[in-house]
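Asks: Have a look; sequence and predicted model below, questions after that.
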Amino acid sequence: MVELLAQTGLNAVYAASYISLVAVGLVLIFGVMGVVNFAHGELFMAGAYAVVALYADMHVPFFVAVAIGMAFVGLLGLLMEWALFRPLKDNPLGGLVASIGFLMILQSLAVMGFGVRMEHIPPVTQEVVRFTEKVGLPVARLYVIVAAVVFLSALWYFLKRTRFGWALRASAQDPEAAALQGISITQTARIAMFIGAALAGVAGALTAPLVSVNPHMGHSVIVTAFIVIIVGGVGSLEGAILASIAYAFVHTFVTTFWDGVLADIVGLSLMLIVLIVKPTGLFGSADRA
């Protein structure tokens, strides 16, 4: 039983890692731009398909494929900011609807390019870090955990210690005051969209060898991300990370000891309880940012 608990805990850490990358990117976009990007799950999917095309089909080295996929999805984010969100910056509902339309476009492009079948790409490595005979962590999952720590730490440093990061935080807290101080709201929106999309892309790229890649894989990811954001507090990056960890552990343990359907129900119930007790989320406030 102890070994089962330990193995389940390691699985939960892996799940928390990619969930937090997706959720933090979504929170950053909402905090700076004030739009709910429903296509964020499809950006995760695009990162995964980039690895399918480059690593599995063209035999590009895995980490090179991941880097290219991350940059590609970041550029997709810039395209969305320019074509969808900037023209609709004064119409948040219009931006939300436009993101749903872009979601469908990305899904259709994935079907046209790769078909509707599930892609199972070659594993990056078969190595496993063994803690005991029955408790181990596949190195491919370790890559996801390390990437989450590195990228989230880099984002924290960027937001807290750099002038561009300060500009993003100022734009999120009070866009009008930031503009009066000479901060370009358009520029901060571009930066936020690129970073947020790139985080979703690298999460999808790194998990591609570990999951079945398909055009609809973004659905469950975006639902999970919204649950995490609501529980953690809309607009709170710290809340998104802590809620990702809590949700991943609850979902993984319930799945392991009972079943996945019950785990989904428990996750939604957790969200409802938090909304009833604290409508702004655990770390949220009444203000948008």
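Replies: Received the coordinates, thanks. Keep in mind that what you see is a predicted model, and the values were worked out from it rather than measured.
Asks: Okay, buried residues for the host helix or strand of Ala172 please.
Replies: Following DSSP states H and E, one finds Ala172 within helix 163-173. Across helix 163-173, burial judged by 16 or more other C-beta atoms under 10 Å covers 165, 167-172. Every residue, glycine included, has its C-beta placed from N, CA and C.
Asks: got it, and stretch 172-192?
Replies: 172, 175, 178, 183, 185, 188-192.
Asks: What segments of this structure are strands?
Replies: 128-130, 136-138 (DSSP state E).
Asks: would you list the ones you listed in CSV and tack on distance to Ala225?
Replies: Formatted as CSV, the strands of the chain follow (distance: least, C-beta to C-beta, whole Å):
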stretch, distance to Ala225
strand 128-130, 28
strand 136-138, 24
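Asks: Please identify the nearest residue in space to Val139, excluding sequence neighbours.
Replies: Closest residue in space to Val139, ignoring its immediate chain neighbours: Glu127 at 4.3 Å, by C-beta to C-beta, 6 or more residues apart in numbering.
Asks: where's that neighbour relative to Leu137, distance?
Replies: Separation of Glu127 from Leu137 (C-beta to C-beta, to the nearest Å): 10 Å.
Asks: How about Met104?
Replies: 37 Å.
Asks: What of Leu88?
Replies: For Leu88, the distance to Leu137 - C-beta to C-beta - is 44 Å.
Asks: do the same with Ile230
Replies: Taking C-beta to C-beta, one finds Ile230 at 30 Å from Leu137.
Asks: Between these two, which is the more surrounded one?
Replies: Neighbours were counted for Ile230 and for Leu137 using other C-beta atoms under 10 Å; Ile230 has more, 22 against 18.
Asks: ok, now which ones touch that one?
Replies: 271, 274-275, 281 (C-beta atoms under 8 Å, 6 or more residues apart in numbering).
Asks: Appreciated, that's everything.
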